[in-house]
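J.: Give me coordinates for this.
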Amino acid sequence: MNSGLSKFWYKLTHWEYWPFGVLYFPVYFYFTWLIIRCRSFFFFTAANPKIDFGGMLGERKKEIFDLIPQHYLPQFSLISAGDLGAADKAAKTLKFPLICKPDIGERGNLVEVIDSTDALNNYVSKCPVPFLMQEFVEYPIELGVFYIKIPGQEKGRITSIVQKDFLHVIGDGTSCIKKLLEQSTRAILQLDFDHPRFTEKLKTVPQKGEKVVVEPIGNHCRGTQFMDQTRQITPALNEAFNTLADEIEGFYFGRFDLRCASFADLERLENFKILELNGAGAEPGHIYQPGFSLWKGYQSILWHLNQLAKVSRANHKKGVKYWTFREGITKMQAIKAYNRIAQKK
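T.: As a prediction, this is how the structure comes out:
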């Protein structure tokens with residue numbers, strides 16, 4: 001079997017690699033039922049009243065950060081497209097390495113770890129949209145914690161935890177990183193070996209037993225392996241996230257992407273930072289663990305969508321308006337136009 005056919009077969013038999021539109025095609029039918037049930041095409045806009053579009057698409061990360069108490073966040077700065085002066089000034093405060101990512105963005109597009117002035121200059125020159133420069137958080141554990149609270153109920157709960165295992169290699173003392181990566185199906189399928197940020201790293205020969213993280217961006221489409229840690233949900237962790245969510249006005253449904261020192265620290269809301277907060281468009285990331293059943297994956301997706309509708313209807317009954325059809329279509333058109341700009345590299 002040639003390599004191209006082998007890659008195709010591996011993707012076909014491992015649903016975590018299926019294109020979003022293919023995986024979610026059956027889900028659209030259930031979503032249509034929820035639209036009918038809620039009597040609104042854009043019912044989800046009521047899920048998180050303080051987040052634009054409910055957090056389904058096109059929300060600004062800076063505006064969401066403004067809702068979160070600052071001590072839970074890394075230091076960050078919003079930079080206008082092409083503003084090299086502001087970027088250089090922010091870098092002096094944040095220090096290298098740092099993260100750059102579009103203020104509006106998804107699925108890892110234009111997200112990079114920047115470790116030098118030259119790399120920053122290159123990023124500013126190619127990023128066509130406003131972006132956040134964000135402190136690089138050193139805590140060792142990166143998680144996606146899904147939280148839901150039905151409006152009117154006293155408490156919410158965590159429904160999913162995914163831990164992110166960044167694309168890495170273990171050195172054998174003789175092989176370069178590129179050769180080691182070529183032995184990994186995940187790396188071959190998802191890593192852009194020709195990207196300039198890998199030019200020098202791929203030539204490096206790690207020592208025997210040395211672990212080298214190749215792609216430090218915790219996104220599934222960047223080679224990160226998602227590991228189901230839902231078993232780590234405890235009453236103490238639920239209580240911690242109830243406390244956390246109560247401090248974020250108008251937030252009821254979504255996923256916290258964060259880094260922490262340990263689960264024990266997270267239960268005490270200590271030694272952690274929120275990297276992003278995703279709203280109505282968030283997925284329960286634990287389903288992407290290799291080997292997770294497709295059927296169970298669909299069950300989880302549909303259950304979370306049902307909860308999204310419950311949250312939205314509950315807020316609607318309390319007076320939160322659903323976006324009108326015209327408002328929703330206008331927003332979708334704006335997102336489409338923005339994506340055409342953001343995806344020009």
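J.: what about residue 104, is that helix, strand or coil?
T.: Assigned with DSSP: H, G, I helix; E, B strand; the rest coil, residue 104 falls in the coil class.
J.: Over to residue 323?
T.: Residue 323 - assigned by three-state DSSP - is coil.
J.: That one is in contact with residue 49, isn't it?
T.: No. Look at residue 323 against residue 49 with CB atoms under 8 Å: they stay out of range, at 11.1 Å. C-beta here means a position set from N, CA and C on the backbone, and glycine is covered the same way.
J.: So which residues of the stretch 201-345 of the chain form strands?
T.: Ranges of strands within the stretch 201-345 of the chain are 211-215, 225-228, 253-260, 272-278, based on DSSP state E, counting those that start in this stretch.
J.: Return the list of strands paired to the third one, each annotated with direction.
T.: As defined by DSSP bridges, the strand partners of strand 253-260 come to strand 141-148 (antiparallel), strand 272-278 (antiparallel).
J.: How about the shortest one?
T.: If you go by DSSP bridges, strand 225-228 pairs up with strand 157-165 (antiparallel).
J.: residues of the strand it pairs with that come out buried?
T.: Within strand 157-165, the residues scored as buried using 16 or more other CB atoms under 10 Å are 157-164.
J.: which residues are contacting it?
T.: Here strand 157-165 makes contact (CB atoms under 8 Å, 6 or more residues apart in numbering) with 141-149, 218, 224-230, 232-233, 237-238, 241-242, 255, 284-289, 300, 304, 307.
J.: Tell me which of the strands paired with strand 253-260 sits nearest to residue 89.
T.: strand 272-278 (22.1 Å; CB to CB).
J.: Show me how far the closest one is from its chain's centre.
T.: In terms of CA atoms, centre = their mean, to the nearest Å, the centre of strand 272-278 is set 9 Å apart from its chain centre.
J.: on that earlier part again, looking at the strands of the stretch 201-345 of the chain, which has the lowest confidence?
T.: Note on these: strand 211-215 shows the lowest mean pLDDT, a mean of 85.
J.: That strand vs strand 157-165, what angle?
T.: 110 degrees (axes from the mean of the first three to the mean of the last three CA atoms, to 10 degrees).
J.: Pull the distance from strand 211-215 to the chain's centre.
T.: That offset, for strand 211-215, works out to 19 Å (CA atoms, centre = their mean).
J.: That one - contacts with which helices or strands?
T.: Counting contacts by 3 or more CB pairs under 8 Å, 6 or more residues apart in numbering; DSSP states H and E, strand 211-215 is packed against strand 167-170, helix 177-181.
J.: Would you mind pulling the contact partners of that strand?
T.: 166-171, 177, 181, 187, 191, 198, 201, 204, 206, 222-224.
J.: Can you show me the strands along the stretch 1-150 of the chain?
T.: 76-79, 98-102, 112-114, 131-135, 141-148.
J.: Ok, which of the ones you listed comes nearest residue 53?
T.: strand 98-102 (16.1 Å).
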